[in-house]
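Novice: structural data only, the sequence is not supplied:
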Ligand SMILES: NC(=O)c1ccc[n+]([C@@H]2O[C@H](COP(=O)([O-])OP(=O)(O)OC[C@H]3O[C@@H](n4cnc5c(N)ncnc54)[C@H](O)[C@@H]3O)[C@@H](O)[C@H]2O)c1
Ligand SMILES: Nc1ncnc2c1ncn2[C@@H]1O[C@H](COP(=O)(O)OP(=O)(O)OP(=O)(O)O)[C@@H](O)[C@H]1O
C-alpha cells in the first residue's frame, strides 16, 4: 500500500496543465507491481493487489499507445518540414519565371499566389499590366484578346479596379501600409476598401447560368436573353442543357452560344465579360466552380430562398443590368481557397490530384463513419491542434455565413482577408473556432493510427476519401470571385445577415416601466 501512496505523491502536470492519469503509476511502481505480487494471508489484500496489477497493466498499455502516437506525430512533423523545404526550393527555382507572370496579375492578388497554377495563361494569350498611380492602386485586369482560331469572340471588354475608402481626401488615404515617420509606426492603409469596377470598353459577351429545374428561372432567363439581345446587342452564352430548353421553346434562340466539350469551359474566361446567375447562393457557387482561374465579374440575381451572395432582385433586372453594363459598379472580391489532396503515396507536395477551388469552404468530416475523426492540423510550419470530433471546416470569409456559421464560427465581412478554422462538434469543451491570416498554408493530416478514413467535400460537393496518411493542403487562391454589389459590400453584407438570418432581431423594449433615476 505504501507503493500506492508514493505513486500518488509523485504525480506530475501534463502539457495541457492537467494531472495526467498515467503519472499516477510511474513506470517503476508498475514494474514492481507486475513482478512481485503481494504475498499475504489476507484474501482481500490479495484480491486488491490483483486488481491493482490489472489496472496498472491497462494503464501501461495506454501510456505505450500515447508514446507511439507522439513518435508518429513527430515523424509526420519531420516529414512535413522536409517536404516544405523541398517545395520552397522548387518554388524559388520557378520564381524567376513566375515573377514576370506575377507582375501581370492584379496588384491585390500578388500577395496571395503561393501555389502552382491551375490556369494556363497560354490558353488565353492575354497580357495584363499593372500600374499604380496617385496612391490609388488601379489595374487593368482584362484586355482585348488576339484573334484565336477556336474562339468566336475576339474582343473582351477591359476594365479598371480601384480601391477607395470614404473620406478620400483625409489622411486615411495613403499608399503605404505602415509609415515610419520620426521612428513612429502608424497604420496608413486600411486593407479592406470598397472596390469599384469601371468599364473601359463596353461588355459584349454575357454568360447566363441558371439553377436547374425551376420554371420561374427558365421564364426569366428567356426574357432576359431577349432583352439583352434586342436592347444591348450582346452575345450570350448559356449551358448546353439551357440552350436545348430554349430552342425547344423557339428557334429565335439560335444565336445563343454554348459549348459541346467540357474543355471549352476552361477557356470561357477569355470570352466572357460578365456572368449573370439566376438562382440562390448555390448557383453562385456553381458559377465560381466553372472558372479554374480568373473569374469575370458576376451579377447574382436572387431566385432562391436565402441569398447571402445574391443581392439583385429579379423584378427590376432591366434597371440593374443597365447600371451594371454602364458602370462603374461596386464589387466584392470574394476570396477562394485552393485545395490539394496529397495522398500518402505522393513523393512530394506537388504530386497531388487536380486542385479544387472553393468559394465557401472545404470540410473534412467523418462521412458515414460513426468513429470520431482524428485530424492533425498544421499552419505553415506550426502544429495547430488535433481535431477530435465530427470534423473541421476551413472556410473563406464569404463562407462564414454558411456551414461554418452553423458549426459555431463567427460571421466575417467577405472583404476581410482570412481563413476560418471551425471545428464541427469537437469532443472538447475548449475548442473555440479560429480565424487565421490569408497568407498561411494549412495542412490537415489523417494520422496513420486513425481508426477510420476522413472525407473532404468542397462547397458541399465532390466528396473525396482521405485514408490514413493522406492530407489536405489548403491556401488562399490567387483568383477571387468578383461579385457585383447592389449598394456596396458592407451594405450588402449587413442586409444579407439582417434579411437572411434575422440577425439580432428583437422587439424593442418599451419605455414605460422601471427606470434608473438620474441625478
Ligand atoms: N449545416 C449547415 O448549415 C450546412 C450543411 C451542409 C452544407 N452547407 C452549406 O451549403 C453550401 C452549399 O450550398 P448549396 O446551395 O450548393 O447547397 P444546398 O442547396 O444544400 O443549400 C445549402 C444552404 O446554404 C446556403 N448558403 C450557401 N452558401 C452560403 C453563404 N455563403 N452564406 C450563407 N448561406 C449560404 C444556401 O443559400 C442554402 O440555403 C456549402 O458550401 C455549405 O456551406 C451548410
Ligand atoms: N447551373 C447549374 N447546374 C447544375 N447545378 C446547379 C446549377 N446552379 C445551381 N446548381 C445547384 O443547384 C442547387 C440549388 O441551387 P441554389 O442554391 O441556387 O437554389 P436554391 O436551393 O433554390 O436556393 P437557396 O439555397 O437560396 O434556397 C445547388 O446545390 C447548386 O449547386
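Specialist: Right, received. Where do you want to start? Since the structure is predicted, the reported quantities are computational estimates derived from the model, not experimental observations. Ligands and ions are numbered 1, 2, ... in the order given.

Novice: now look at stretch 458-472 and say if it contacts ligand 2.
Specialist: No: between stretch 458-472 and ligand 2, judged by Cβ under 6 Å from any ligand atom, nothing touches; the nearest distance is 6.8 Å. Where you see a C-beta, it was placed from the backbone N, CA and C, and this is true even at glycine.

Novice: check which residues of that stretch are buried.
Specialist: By neighbour count on 16 or more other Cβ atoms under 10 Å, the buried set for stretch 458-472 is 458, 459, 464, 466, 468, 469, 470, 471, 472.

Novice: got a list of contacts for it?
Specialist: 285, 289, 339-344, 353, 356, 358-364, 367, 399, 403, 443-450, 453-457 (Cβ atoms under 8 Å, 6 or more residues apart in numbering).

Novice: may I see the ChimeraX selection of the buried members of the residues you listed?
Specialist: With 16+ other Cβ under 10 Å as the criterion, this ChimeraX line picks the buried residues out of the contacts of stretch 458-472:
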select :285,289,339,340,341,342,356,358,359,360,361,362,363,364,367,399,403,443,444,445,446,447,450,453,454,455,456,457
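
Novice: give me the subset of the contacts of stretch 458-472 touching ligand 2.
Specialist: Contacts with ligand 2 within the contacts of stretch 458-472, counted by Cβ under 6 Å from any ligand atom: residue 285.

Novice: which of the contacts of stretch 458-472 fall within strands?
Specialist: 339-342, 356, 358, 361-364, 443-445, 454-457 (DSSP state E).

Novice: show me which of those neighbour ligand 1.
Specialist: Within the set of those, contact with ligand 1 (Cβ under 6 Å from any ligand atom) is found for residue 361.

Novice: measure residue 421 to ligand 1 for me?
Specialist: As judged by Cβ to the nearest ligand atom, to the nearest Å, residue 421 and ligand 1 stand 15 Å apart.

Novice: which residue packs closest to that residue, ignoring adjacent ones?
Specialist: Computed as Cβ to Cβ, 6 or more residues apart in numbering, the closest residue to residue 421 that is not its neighbour in sequence is residue 434, at 4.1 Å.

Novice: correct me if wrong: the one you found contacts residue 426.
Specialist: No: contact between residue 434 and residue 426 fails when scored by Cβ atoms under 8 Å: they sit 12.0 Å apart.

Novice: between those two, which is the more surrounded one?
Specialist: Neighbour count, other Cβ atoms under 10 Å: between residue 434 and residue 426, residue 426 has more, with 22 against 17.

Novice: across the sheet, point out what pairs with the more buried one.
Specialist: Taking DSSP bridges, one obtains residue 389 as the residues bridged to residue 426.

Novice: just the pLDDT for it.
Specialist: Model confidence at residue 426, given as pLDDT, is 98.

Novice: contacts only, for it.
Specialist: With contact set as Cβ under 8 Å, 6+ apart, residue 426 has these partners: 387, 388, 389, 390.

Novice: kindly recompute the last result at 7 Å.
Specialist: 387, 388, 389 (Cβ atoms under 7 Å, 6 or more residues apart in numbering).

Novice: and it, how far is that from residue 450?
Specialist: Spatial separation of residue 426 from residue 450 under the definition Cβ to Cβ, to the nearest Å is 16 Å.

Novice: low-scoring stretches of this structure, by residue?
Specialist: Applying pLDDT under 70 to the chain flags residues 1-41, 58, 60-87, 89-155, 164-183, 187-192, 349-350, 352.

Novice: which positions in it make contact with ligand 2?
Specialist: Residues of the chain found near ligand 2 (Cβ under 6 Å from any ligand atom) are 209-212, 239, 279-283, 285-286, 304-307.

Novice: now list the buried members of those residues.
Specialist: With neighbours counted by 16+ other Cβ under 10 Å, the residues of the chain next to ligand 2 contain buried members at 209-211, 239, 279-283, 285-286, 304, 306-307.

Novice: for the residue of the chain found nearest ligand 1, what is the enclosing helix or strand?
Specialist: Relative to ligand 1, the nearest point of the chain is residue 282 (2.5 Å; Cβ to the nearest ligand atom). Applying DSSP states H and E as the criterion places residue 282 in helix 281-289.

Novice: who touches that helix?
Specialist: Contact with helix 281-289 is made by 209, 211, 275, 277, 295, 298, 300, 304, 306-310, 336, 359-360, 459, 481, 483, as judged by Cβ under 7 Å, 6+ apart.

Novice: what parts of the stretch 301-450 of the chain come near ligand 1?
Specialist: The stretch 301-450 of the chain has residues 304, 306, 308, 309, 360, 361, 398, 399, 401, 402, 403, 406 near ligand 1, with proximity defined as Cβ under 6 Å from any ligand atom.

Novice: inside helices: which ones of the residues you listed?
Specialist: Among those, DSSP state H puts 403, 406 in helices.

Novice: between the residues of the stretch 301-450 of the chain next to ligand 1, which sits nearest residue 200?
Specialist: The closest of these to residue 200 turns out to be residue 309 (Cβ to Cβ; 26.1 Å).

Novice: the closest one reaches residue 485, doesn't it?
Specialist: No: between residue 309 and residue 485 there is no contact under Cβ atoms under 7 Å: 10.5 Å.

Novice: which of the two has more neighbours?
Specialist: Counted by other Cβ under 10 Å, residue 309 and residue 485 do not tie: residue 309 has more neighbours, with 32 against 22.

Novice: which residues touch the more buried one?
Specialist: Contact analysis of residue 309 by Cβ under 7 Å, 6+ apart lists 281, 284, 300, 398, 483.

Novice: tell me the most packed of the residues you listed, by neighbour count.
Specialist: Among the contacts of residue 309, the one with the most neighbours (other Cβ under 10 Å) is residue 398, at 30 neighbours.

Novice: who are the contact partners of that residue?
Specialist: Contacts of residue 398 by Cβ under 7 Å, 6+ apart are 309, 334, 359, 360, 414.

Novice: mind doing that once more with 6 Å?
Specialist: For residue 398, the contact set (Cβ atoms under 6 Å, 6 or more residues apart in numbering) comprises 334, 359, 414.
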